[in-house]
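A.B. asks: Give me coordinates for this.
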Amino acid sequence: MLVSWVLSCRYAHADAAWLSLKIEGVEGKLAQNVHAHLGPLPDSAVQRRAYLFNVESNVTAALESLGYYHGRLEKEVVETDSGPWPLTLKITPGEPTRLQWVDIQFAGEMLDDDAFDAWLDLIALKPGDILDHGQYTDIKSQLLGLAFSRGYFDGKLTLAQIKVNRDLDLARINLHYDSGQRYHLGEISFEGHTLEPGFLERLIPFEPHAAYSNKRLNALNGKLLDTGYFANIKVLPQIDKLAQGQVPVRVELTPRADHAIELGLGADIGKSADSVIEPRVRVTWRTPQLNRYGHSQETSLEWKPDKPKFLTTYTLPLSHPLDDQLKIRLGLLRDQYGVTQDYDAAGRTFNDIGRLESSKYLLGLLRQHRLADNWLFGYSLEANREFYTQADVDYDPVFYLAGVSLSQTVRSDNALDPKSGFRQIYSLEYGDPELGSQTRLARLQARFKWIDTFFDKHRIVSRLDLGANLAEEHQLAYISPSLRYFAGGDQSVRGYSYQELGPYRDYINSQGGLSREVVGGRYLMVASLEYQYYLTQHWRLGSFIDAGNAFDNRQFEPVVSVGGGVHWISPIGPIRLDLGVGLKETDTVDRSWRIHLTMGTDL
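C.D. replies: I've put the predicted structure just below:
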């Protein structure tokens, strides 16, 4: 009764000048259905008369549509000289009509289609249930929609009825459907592109003349979208041109702009080895289609204080536009690692004086193949030379690294903020002095990320990063800093500055004093667990714990940070403002805190 009264008040408030409404005797879904059939309250004397005249028929329709054929209505209305007329409806629903049987029969080629068996398994309708005409209508619509989406364009309902025995309060549902033949996909034509003939045909993800289904057409749309060549894609089955059991498909394409510029901003603020604001600016220039062969390029310029980076990637499709690509990479990268400190004998402390800096030049080739189940296999060759000064000694090692990688990303959807997903990445790189590298080095890496959402508003994001460098002990200084392992930063252990954590070495500097320098480690192990709660569709709160470090043999000392933040799910991707607080003081870093501003999807 409480629910019914609240709903009636909501309607009565619409216009209290002509009629007020009170309903008794029904609640829940039945009360909602009565209100829906009665409609809004009148806003004139003429509408009031019509409203009162139709009350009985509307209430009867509302009850019968939910299986109550023996309902009784007592209507009381008080005509007043001023103010709204009070209308009270006392409803007695009576005994409901229940289903005696549900008879659903198929005929035609659909009998060999497992999709309809799966659909039948999902129907929550059984003998003994209260008759619901709306549920029957929904099931009938689902059947017709499923048949159409799977190419049964000649299908028809041969029997669709509800028989009601009011004396016994029983009903029978009969739903018979004859699908006729299933049509197949015919010729697929592409319009509105400048790629060479036959290029886009390689993207068709099904065999010629495959059985029609919307799922197959959606897969084609997804493949075209993944190329990045097109701003608008329309995959249109030509239902009006059915012939010889086939459906021709026209694909209308609108190319993207020749050039696209993307700007990214971020910042780290806080107390750590870098106790200053560290802004980040990234400009990415993309040319989605350079020629009729589908070549493309992406160039990114990133600026941080003392850490400019330039990287350009040229992509050539080979045997398949998406599943077989050759990427050529050229980069000029400057970066900082760890922390460098001098010992103050008077204060008996180590004071920060800077960081290990390096400048890197690289040229790489990478070929990627897409395998079954969306696995991506790649093999690569990279040449790099890095200049850096470590322990007051200048180094410029050269490495030629041959590598293989295997990765897979599974997402619940293509949204910028997926509800669930899993990513796994494995890679192996090897360099050898016999092939021109400074020293023998094998690099092994594995990265995992898992996302899941529970009860719509509760989201979990976890990650695990593992790495190992296999090299001789006396050659570690000749391994470039970019090839070593460090921890810290918004993608690692938050609460600490970017790449400031790791093993250190003490040495006598050029002035004869004692210095200490974080030089990175052979191994890496970092894990994170984050809980996120959605306040609204576009805003959420997060809390996290990060733990791990870079380390050498038998020297693993995990560093832990905790924190939280607020995230805005913007039209261009999530923007996160997080505060991380380090819980541990190391020999090179005090307990620190950092504010991280980042943007980008989790997968």
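
A.B. asks: Next, work out how far apart Ala231 and Val46 are.
C.D. replies: 53 Å (C-beta to C-beta, to the nearest Å). Any C-beta I mention is one placed from the backbone N, CA and C, and that applies to glycine too.

A.B. asks: Equivalent analysis for Ser497, please.
C.D. replies: With C-beta to C-beta as the criterion, Ser497 and Val46 are 75 Å apart.

A.B. asks: now swap in Arg98 and tell me
C.D. replies: According to C-beta to C-beta, Arg98 and Val46 sit 41 Å apart.

A.B. asks: out of these two, which sits in the more crowded spot?
C.D. replies: Arg98 (15 against 10; other C-beta atoms under 10 Å).

A.B. asks: from what I can see Tyr426 touches Arg443, true?
C.D. replies: No: using C-beta atoms under 8 Å, Tyr426 is not in contact with Arg443; the gap is 11.7 Å.

A.B. asks: neighbour count winner among these two?
C.D. replies: Arg443 (21 against 15).

A.B. asks: for the more buried one, helix, strand, or coil?
C.D. replies: The three-state label given to Arg443 by DSSP: H, G, I helix; E, B strand; the rest coil is strand.

A.B. asks: so how far is Leu470 from it?
C.D. replies: 8 Å.

A.B. asks: okay, which residue is most central for the protein?
C.D. replies: The residue lying closest to the centre of the chain (C-alpha atoms, centre = their mean) is Pro418, at 1.9 Å.

A.B. asks: list the contacts for it?
C.D. replies: By C-beta atoms under 8 Å, 6 or more residues apart in numbering, the contact set of Pro418 is Arg411, Ser412, Ile451, Thr601, Asp602, Leu603.

A.B. asks: Is it correct that the fourth one is in contact with Pro574?
C.D. replies: Yes: using C-beta under 8 Å, Thr601 is in contact with Pro574, at 6.6 Å.

A.B. asks: wait, is the residue nearest to the centre of the chain part of a strand?
C.D. replies: No: per three-state DSSP, Pro418 lies outside any strand segment and is coil.

A.B. asks: so how far is Thr588 from it?
C.D. replies: Counting by C-beta to C-beta, the separation of Pro418 from Thr588 is 38 Å.

A.B. asks: Specify the local secondary structure of Glu585.
C.D. replies: Under the three-state scheme (three-state DSSP), Glu585 adopts coil.

A.B. asks: Find the nearest non-adjacent residue to it, please.
C.D. replies: Arg591 (4.9 Å; C-beta to C-beta, 6 or more residues apart in numbering).

A.B. asks: tally of neighbours for the one you found?
C.D. replies: Residues near Arg591, counting by other C-beta under 10 Å: 15.

A.B. asks: list the contacts for it?
C.D. replies: With C-beta under 8 Å, 6+ apart, Arg591 has these contacts: Val581, Gly582, Leu583, Lys584, Glu585.

A.B. asks: what do you get for Gln532?
C.D. replies: Counted by C-beta under 8 Å, 6+ apart, Gln532 has contacts His458, Arg459, Ile460, Val461, Arg540, Leu541, Gly542, His567.

A.B. asks: can you give me the helices for this protein?
C.D. replies: 2-12, 28-38, 45-53, 55-64, 114-122, 133-149, 214-227 (DSSP state H).

A.B. asks: For this structure, which residues score under the pLDDT cut-off?
C.D. replies: Filtered on pLDDT under 70, the chain yields the residue ranges 1-16, 268, 271-276, 414.

A.B. asks: Just the strands from the stretch 251-400 of the chain, written as ranges.
C.D. replies: Using DSSP state E, counting those that start in this stretch, the strands of the stretch 251-400 of the chain run over 260-271, 278-287, 296-303, 309-320, 324-344, 349-370, 375-390, 393-395, 398-411.

A.B. asks: how about those in TSV, adding mean neighbour count and distance to Gly245?
C.D. replies: Formatted as TSV, these follow (neighbours: other C-beta atoms under 10 Å; distance: least, C-beta to C-beta, whole Å):
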stretch	mean neighbour count	distance to Gly245
strand 260-271	15	43
strand 278-287	16	43
strand 296-303	16	39
strand 309-320	15	29
strand 324-344	19	33
strand 349-370	16	32
strand 375-390	17	36
strand 393-395	12	70
strand 398-411	16	35
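
A.B. asks: With distance to Gly222 added, can I get those in JSON lines?
C.D. replies: Compiled in JSON lines, the strands of the stretch 251-400 of the chain are given as follows (distance: least, C-beta to C-beta, whole Å):
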{"stretch": "strand 260-271", "distance to Gly222": "20"}
{"stretch": "strand 278-287", "distance to Gly222": "20"}
{"stretch": "strand 296-303", "distance to Gly222": "18"}
{"stretch": "strand 309-320", "distance to Gly222": "15"}
{"stretch": "strand 324-344", "distance to Gly222": "17"}
{"stretch": "strand 349-370", "distance to Gly222": "13"}
{"stretch": "strand 375-390", "distance to Gly222": "16"}
{"stretch": "strand 393-395", "distance to Gly222": "47"}
{"stretch": "strand 398-411", "distance to Gly222": "12"}
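
A.B. asks: Pro127: which of those is closest?
C.D. replies: The closest of the strands of the stretch 251-400 of the chain to Pro127 is strand 398-411. By C-beta to C-beta, the value is 40.1 Å.

A.B. asks: Give me the distance from that closest one to the chain's centre.
C.D. replies: For strand 398-411, the separation from the chain centroid amounts to 23 Å (computed by C-alpha atoms, centre = their mean, to the nearest Å).

A.B. asks: Check stretch 383-395 too.
C.D. replies: With C-alpha atoms, centre = their mean, you get 40 Å for stretch 383-395.

A.B. asks: residues making contact with it?
C.D. replies: Here stretch 383-395 makes contact (C-beta under 8 Å, 6+ apart) with 356-364, 396-401, 477-478, 480-482, 505, 507, 509-510, 515, 517, 519.

A.B. asks: picking up where we left off before, and the residue nearest to Glu585, how far from Ala171?
C.D. replies: On the measure of C-beta to C-beta, Arg591 and Ala171 end up 71 Å apart.

A.B. asks: Ok, Leu301 next?
C.D. replies: Counting by C-beta to C-beta, the gap from Leu301 to Ala171 is 70 Å.

A.B. asks: now do Gln135
C.D. replies: Distance, Gln135 to Ala171, by C-beta to C-beta: 12 Å.

A.B. asks: For PyMOL, write the select line for the buried members of the contacts of Pro418.
C.D. replies: A single PyMOL command selects the buried members of the contacts of Pro418 (16 or more other C-beta atoms under 10 Å):
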select buried, resi 411+451+602+603
